[in-house]
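*Asks:* Fold the following for me, if possible:
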Amino acid sequence: MNLETVFGLKGRTALVTGSSRGIGAAIAEGLAGAGAHVILHGTKPGGADTVRQRILAFGGRVDELAADLSAPQAGRELVERAEAIAPVDILVINASAQINATLADLSAEDLAFQISVNLGSTIDMLQAALPRMSSRKWGRVVSIGSVNQLRPKAIVTAYAALKAAQHNLIQSQARDYAQHNVLLNTLAPGLIDTDRNAHRRDHDPEGWANYARTLNWMGRAGQPEEMVGAAIFLSSQACSFMAGESIFLTGGY
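*Replies:* So this is what the prediction gives:
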């Protein structure tokens, strides 16, 4: 078996949302390293330029788009702009909004913002991308979920519920598009050491370390780079008999 044929992404184009930092940046660099032409996304123009420069440095092909995914129809427009650059074979839905709040403390504004980014833009992107992938008889959608979709924490009530809804959406569309060789799956991380956790990590390093030690069997937070292998698998021919599933990368949580 030729592993480059199975896992290689040469000739494919991947749009990775929220790829200016963290998990999205690591996945974008990994897909580029596997041969894909990567279209980066950040909220502001030039926001993913550091990632773009790193990809260019190892000879990867890369473009960059900006969009505020909380805006109406922004997800659809982002896909359409990416399609004007190159046909999008792989869509990695990584950009998300997480606001810590229990149900009692959740404001209407914070709820609306999280719904727009986490669910509304996902629907927009799928509506724009799936028919195009289907017409080309090849496509991969990798939705970055969360362990919270299965084991929700009260402090992220809305985020957890929306991640569950997002995977439900992925499953429903996986059923509809699988026979067209358009395969949708979810990659669900556990605790990952990103800038989303920077405040807690920097202001209470001992508390952070204790939390990470007791959260999973490995006794530590994961690193963004540890999400890359699964993302390449879900983006490639290697997952040709997989649809509507979740891969949990949680260190044993």
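*Asks:* contacts and neighbour counts: CA atoms only from here.
*Replies:* Will do.
*Asks:* Which parts of the stretch 1-150 of the chain are strands?
*Replies:* In chain order, the stretch 1-150 of the chain shows strands spanning 13-16, 37-42, 62-66, 90-93, 139-144, with DSSP state E, counting those that start in this stretch as the criterion.
*Asks:* Which strands and helices lie in contact with the third one?
*Replies:* Spelled out, that is strand 62-66. Applying 3 or more Cα pairs under 8 Å, 6 or more residues apart in numbering; DSSP states H and E, one finds that strand 62-66 makes contact with strand 37-42, helix 49-57, helix 74-85.
*Asks:* was I right about residue 186 contacting residue 244?
*Replies:* Yes: with contact defined as Cα atoms under 8 Å, residue 186 and residue 244 form a contacting pair (7.3 Å).
*Asks:* Compare the two and say which one has the larger neighbour count.
*Replies:* Neighbours around residue 186 and residue 244, counted as other Cα atoms under 10 Å, are more numerous at residue 186. The numbers are 26 against 19.
*Asks:* got the buried residues for the helix or strand hosting that one?
*Replies:* Assessed by DSSP states H and E, residue 186 sits inside strand 182-189. Residues of strand 182-189 classed as buried by neighbour count (16 or more other Cα atoms under 10 Å): 182-189.
*Asks:* What about the spatially closest residue to residue 163 that is not a sequence neighbour, how many residues nearby?
*Replies:* Sequence neighbours aside, residue 149 is the residue nearest to residue 163 in space, at 5.1 Å (criterion: Cα to Cα, 6 or more residues apart in numbering). As a burial measure, residue 149 scores 19 neighbours (other Cα under 10 Å).
*Asks:* any chance of the buried residues of strand 182-189 in a markdown table, with pLDDT too?
*Replies:* Written out in a markdown table, the entries for those read as follows (pLDDT from 0 to 100):
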| residue | pLDDT |
| --- | --- |
| 182 | 98 |
| 183 | 98 |
| 184 | 98 |
| 185 | 98 |
| 186 | 98 |
| 187 | 98 |
| 188 | 98 |
| 189 | 97 |
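*Asks:* Which of those sits closest to residue 6?
*Replies:* Sorting these by distance to residue 6 puts residue 183 at the head of the list, at 15.1 Å, by Cα to Cα.
*Asks:* which residues touch that closest one?
*Replies:* Contact partners of residue 183, counting by Cα atoms under 8 Å, 6 or more residues apart in numbering, are 139-141, 174, 177, 240, 242-244.
*Asks:* Buried ones among the residues you listed?
*Replies:* Under a neighbour-count criterion of 16+ other Cα under 10 Å, the subset of the contacts of residue 183 counted as buried comprises 139-141, 174, 177, 240, 243-244.
*Asks:* so how far is residue 180 from the nearest residue to residue 147 once chain neighbours are set aside?
*Replies:* The shortest distance from residue 147 to any residue other than its chain neighbours is 5.2 Å, reached at residue 190 (Cα to Cα, 6+ apart). Relative to residue 180, residue 190 is positioned 31 Å away (criterion: Cα to Cα, to the nearest Å).
*Asks:* Those two: which has the busier surroundings?
*Replies:* The neighbour count for residue 190 versus residue 180, taken as other Cα under 10 Å, is higher for residue 190 (19 against 16).
*Asks:* what's the distance between that one and residue 224?
*Replies:* With the distance defined as Cα to Cα, residue 190 ends up 11 Å from residue 224.
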